[in-house]
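Student: Sequence and computational prediction follow.
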Amino acid sequence: MIKRIFKVCIFLLLPLLAALSLVFVYLHHPVQPREAVMVVEKGMAFRTVTSHLAKRGIIEYPWLFFLYAHLRGETKGIKAGEYLFSQPINPLDVLQRLVHGRVNAYKVQIIEGWTLHQIANYLAGLPFIKNPDFKKEFLDLTENKEFIQSLEINSPTLEGYLFPNTYYLYADTPPADYLRNFVKEFKKNYQLATGTLKTIPVYSQNQIMTLASLIEKEAGVEGERPLVASVFYNRLAKGMPLQSDPTVIYGIKNFDGDIKKVDIANPHPYNTYVHAGFPPGPICNPGLASIKAALQPAQTNYIYFVSKGNGTHQFSETIQEHEEGVKRLLLKDLM
């Protein structure tokens, strides 16, 4: 009798063990998806998600995937977002990725010296940003006083405070979060730059960032940034206008690439040929090297510099030295 019961149990257990083995193999068997990108909308039913995963070849046997998730009680816990399944992946990892919201992050690279408009144009042109109003919303926020105050930035706009770096952000990231990330990175690097100072800067943070933006635009090589900074410091100390061409260009809409006498005389607020002292704010978003140079200029008596045409500059202490240097460079160009 016992033997008979034992045989019946074995007869019943074998199919169950076989089924569990198949489920185990199914859950751990990686599949190469036919389509890599899968978007889960907010409120999307898990059954619909399962169907979309199957259509993209991300999972096989969707009914089994649904049953397993249902038994684990995880059909209600998945997160919305854009997911990337570019590599072979097993159903267990697919479910974990959905439950933990491991959505796809895209690389975003902000270049040193870009202006707010250049950053906005770049971001709006990225293929994963689908919001047709992204550029307008982004630029509006950079001038929104309440938003700027919420970031604890003391400046009329966020020009200068969007730190150039490489970021990884999600496709559905709103413009405000892009700006928060860029400003957060600025604060971290500004603190890094000021952390080594032995004395308190003589200028405010906005003035330092304004100088850093001018240095970013003027200096062609890394080693000249402190020298360029020294020229601006010396000019400010003497009450001389900064006379920086990039400040002239910044205030001209649709600049054609050729700065003219009429541009030099343009009275817009950023023109440092017309107005002495600091312009209203930064003219671009500088990198860490320019910020450090603005905080720690070289100790020189230079008050002039002129481009040599190869990325470097000739620095002079007097107008006579400067004019002679300009003449030599012009003659060199004619030879």
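Tutor: Right, received. Where do you want to start? Note that the structure is a prediction, hence the values are computed from the model and not measured.
Student: isn't residue 126 right up against residue 109?
Tutor: No. Residue 126 is beyond contact range of residue 109, at 10.2 Å (criterion: CB atoms under 8 Å). For glycine as for every other residue, the C-beta is placed from the backbone atoms N, C-alpha and C.
Student: between the two, which one's more packed in?
Tutor: residue 126 (14 against 9; other CB atoms under 10 Å).
Student: Please name the residues that touch that one.
Tutor: 106, 108 (CB atoms under 8 Å, 6 or more residues apart in numbering).
Student: What separation is there between it and residue 64?
Tutor: From residue 126 across to residue 64, the span is 37 Å (CB to CB, to the nearest Å).
Student: And the helices in the stretch 51-200 of the chain?
Tutor: 62-71, 91-100, 116-124, 134-142, 145-150, 175-194 (DSSP state H, counting those that start in this stretch).
Student: can you put the ones you listed in CSV and add mean neighbour count and distance to residue 330?
Tutor: CSV is the format used below for those (neighbours: other CB atoms under 10 Å; distance: least, CB to CB, whole Å):
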stretch, mean neighbour count, distance to residue 330
helix 62-71, 16, 74
helix 91-100, 19, 63
helix 116-124, 18, 32
helix 134-142, 18, 40
helix 145-150, 12, 44
helix 175-194, 17, 37
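Student: of all those helices, which lies closest to residue 224?
Tutor: helix 175-194 (17.8 Å; CB to CB).
Student: where's that closest one relative to the chain centroid, distance-wise?
Tutor: Chain-centre distance of helix 175-194: 10 Å, with CA atoms, centre = their mean, to the nearest Å.
Student: what's the answer for stretch 186-197, then?
Tutor: Stretch 186-197 has its C-alpha centroid displaced from the chain centroid by 18 Å (CA atoms, centre = their mean).
Student: Can I get it in CSV? Just the C-alpha atoms.
Tutor: C-alpha atoms of stretch 186-197 as CSV (Å, rounded to 0.1, in the frame of the first residue of the first chain):
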residue,chain,number,x,y,z
PHE,A,186,28.2,74.6,-11.3
LYS,A,187,27.9,74.9,-7.5
LYS,A,188,30.0,71.8,-7.0
ASN,A,189,32.7,73.1,-9.2
TYR,A,190,32.6,76.7,-8.0
GLN,A,191,33.1,75.4,-4.4
LEU,A,192,36.0,73.3,-5.7
ALA,A,193,37.6,76.3,-7.3
THR,A,194,37.1,78.5,-4.2
GLY,A,195,38.2,75.8,-1.8
THR,A,196,41.9,76.4,-2.5
LEU,A,197,41.8,80.2,-2.1
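Student: Ignoring the adjacent residues along the chain, who's closest to residue 263?
Tutor: Distance criterion CB to CB, 6 or more residues apart in numbering; nearest residue to residue 263, sequence neighbours excluded, is residue 248 at 5.4 Å.
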